[in-house]
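Visitor: fold the following and give me the result.
(2 chains)
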Amino acid sequence: MSKLDLMLFEEEYKLLQEIIGRLSKDASAKVVFLVDKNGQQIAAAGDVKSIDATSLASLTAGNVAATDGLAKLIGEKEFSLLFHEGEKDNLHISIVGKRGILVVIFDQNSSLALVRLRVKKASKELQEIFDQVELRAQKELDPGSRFESPFSEITDEDIDRLFGD
Amino acid sequence: MTFINYASREINCKIVYYGPGLCGKTTNIQWIYEQANPEKRGKLVSLATETDRTLFFDFLPLDMGTIKGFKVRFHLYTVPGQVFYDASRKLILRGCDGIIFVADSQRARMEANIESIANLATNLRENGFDIRTIPYVLQFNKRDMPSAASLPDLERLLRFRNEPMVEAVANKGIGVIDTLKAAARQILMELQRA
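Guide: Presented below is the predicted three-dimensional model:
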């Protein structure tokens, strides 16, 4: 497994979920998503069912990656915030640490200022969890680690079954 | 980068289809989309130009079933093949778990194939991957074209690491699933080696 693999355990997931749930309420947002920079959805809160979350995650990551590219072109490290204003709904996208993207969708029941304020606080908390996840992942890479992957016994038959053979 | 969520018991893997312009990357994932059980596939997102050339990427999420009690989900991406979209290609490789290289079998496209593999090697390196070790499958597409090169020729010119090879006619679905399966096998076996 590559050392970059992201492994999320129950307790970390719960904490992340709790933070974005609180953010969704405090910012009067419609939906809040936490996505990783490679386009995978990590957690979501609010009226999640109203949106195709998988496409949203992938497009957000693409958007952030393209904006990162633009930043580097003009000599910036990154643009840590993207804001898209629509007729009814707005999209607030911000970077959390090295690998997270926080997406807040809100309408006239909230405001950009409120969202920015709440996101700032939540980002700090999320960052702490990501740091913990990374620290644990590094410990597990240690040859002396007692962590055992449930995938150590994947067989050819398991893979054939996935394809219905 | 495989994302393993122990809380929701899910594994997410990112597979990228790479290759020169018009080799059939989008055709591969369109065929998978059309054939997949609607309950198991997500929306096919295509960021394309008005003439249907890929501008940024195509994206298809697929639920594959379970392995060791974990739901396996593949995220399939294509890159834009045209040479001048290199900056976008590089971005899409970010965090990928495996590559499917779609080669155009037509003799006239051999140079484009070779250039594209070299470009893949560079872009992988810039994302911290090594083309010699990342899960990798070589698909020879357009086998039905009259000007298709012979298999030994294609192998001699394009194969470099004993990777699995699959012959395909993507617009008819021939070889498409076999290619995906070969990539899935390598990626999941990689998890095993952890």
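
Visitor: if the residue nearest the centre of chain A is in a bridge, with which residues?
Guide: Among the residues of chain A, the one closest to the centroid is A:Val35, at 2.3 Å (CA atoms, centre = their mean). Taking DSSP bridges as the rule, A:Val35 bridges to A:Gln41, A:Ile101.

Visitor: show me what contacts it?
Guide: By CB atoms under 8 Å, 6 or more residues apart in numbering or on different chains, the contact set of A:Val35 is A:Gln41, A:Ile42, A:Leu56, A:Ala57, A:Thr60, A:Ala61, A:Gly100, A:Ile101, A:Leu102, A:Val103. C-beta: built from backbone N, CA, C; applies to glycine.

Visitor: how much space separates the fifth one from chain B?
Guide: Translated: A:Thr60. Counting by CB to the nearest CB, to the nearest Å, the gap from A:Thr60 to chain B is 12 Å.

Visitor: neighbours of that residue, how many?
Guide: With neighbours defined by other CB atoms under 10 Å in any protein chain shown, the count for A:Thr60 comes to 21.

Visitor: for it, give me phi and psi.
Guide: phi -60, psi -50 (degrees, to the nearest 10).

Visitor: do the same with the third one
Guide: A:Leu56 has phi and psi values of phi -60, psi -40 when expressed as degrees, to the nearest 10.

Visitor: residues contacting it?
Guide: A:Phe33, A:Val35, A:Gln41, A:Val103.

Visitor: name the nearest residue to the last one, ignoring sequence neighbours.
Guide: Using CB to CB, 6 or more residues apart in numbering or on different chains and skipping residues adjacent in sequence, the residue nearest A:Val103 is A:Phe33, 4.3 Å away.

Visitor: interface residues of chain A facing chain B?
Guide: A:1-2, A:4-10, A:12-14, A:36-40, A:42, A:52, A:54-55, A:58-59, A:62, A:65-66, A:68-69, A:149-154, A:156, A:158-159, A:161-163 (CB under 8 Å from any CB of the partner chain).

Visitor: strands of chain A, residue ranges please.
Guide: A:6-8, A:31-36, A:41-46, A:81-85, A:90-96, A:100-106 (DSSP state E).

Visitor: related to what we said a few turns ago, just the buried ones from the residues of chain A next to chain B?
Guide: A:1, A:5-8, A:12-13, A:36-40, A:42, A:54-55, A:58-59, A:62, A:65, A:68, A:149-151, A:154, A:158-159, A:162 (16 or more other CB atoms under 10 Å in any protein chain shown).
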